[in-house]
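Engineer: Could you work out the structure for the sequence below:
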Amino acid sequence: MPKFDIILKPGEPLPEEFLPILSKRLSPALRQKLLKHGGLIRLSVSSPYVDRKEARKSPIVVDDEFIRNLEAKAHDAEAIRLALQPLAVKQLLEICTRLQLPVRSKGSSREIREAVVERLRSGHFWQRISDSPPSQPPE
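Structural biologist: As a prediction, the model looks like this:
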């Protein structure tokens, strides 16, 4: 978010654009002290990153079929990340529960997503290490 610092030197007049705000917020004694000794005026603007009204719940349902689809994409990390991208943290934690993957409940969505990707890709890595053919999932 934007932040602006205005440094006032001793004896320098207050900026015109801040005069109404400073007159309303500071006592006359404080304004005089600011004029006499100088100081720092900092303007900082902050707002929520996501407009809560526009944020919509993900239409994706985390069920056994969704988990099977993720497991089928184990060879492609980017495909897994794309599938996980629209999910909320609560849904990511549900995936971790179904995969029996321990993660911090206070972890960021990025951390949880990467943990899921690593877990799903682990079988693929072990198969490459052992040079064994991939096993067929039971049907």
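Engineer: show me where pLDDT drops low in this structure?
Structural biologist: Where the chain drops to pLDDT under 70, the residues are 1, 50-58, 124-128, 132-139.
Engineer: Now do the strands for it: every range, in order, please.
Structural biologist: Taking DSSP state E as the test, the strands found in the chain are 3-8, 39-44.
Engineer: Export the ones you listed to a markdown table and append columns for mean neighbour count and distance to P59.
Structural biologist: Just so you know, the C-beta spots here come from the backbone N, C-alpha and C atoms, and that holds for glycine as well. As requested, the strands of the chain are arranged in a markdown table below (neighbours: other C-beta atoms under 10 Å; distance: least, C-beta to C-beta, whole Å):
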| stretch | mean neighbour count | distance to P59 |
| --- | --- | --- |
| strand 3-8 | 11 | 38 |
| strand 39-44 | 12 | 37 |
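Engineer: now those as TSV including distance to L84?
Structural biologist: Formatted as TSV, those follow (distance: least, C-beta to C-beta, whole Å):
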stretch	distance to L84
strand 3-8	34
strand 39-44	34
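Engineer: Of those, give the one that comes closest to H75.
Structural biologist: Set against H75 and scored by C-beta to C-beta, the strands of the chain come closest in strand 3-8, at 45.8 Å.
Engineer: List of residues touching that closest one?
Structural biologist: 14-15, 18, 34-35, 38-45 (C-beta atoms under 8 Å, 6 or more residues apart in numbering).
Engineer: hmm, which two among those are most spread apart?
Structural biologist: Applying C-beta to C-beta across the contacts of strand 3-8, the maximum distance is between L35 and V45, 25.5 Å.
Engineer: Between the two, point out the one with more neighbours.
Structural biologist: Remark: of L35 and V45, L35 carries more neighbours, 15 against 8, as counted by other C-beta atoms under 10 Å.
Engineer: so who does that one touch?
Structural biologist: L35 sits in contact with 8, 11-14, where contact means C-beta under 8 Å, 6+ apart.
Engineer: quick one: Q85 and E114, what's the gap?
Structural biologist: As judged by C-beta to C-beta, to the nearest Å, Q85 and E114 stand 12 Å apart.
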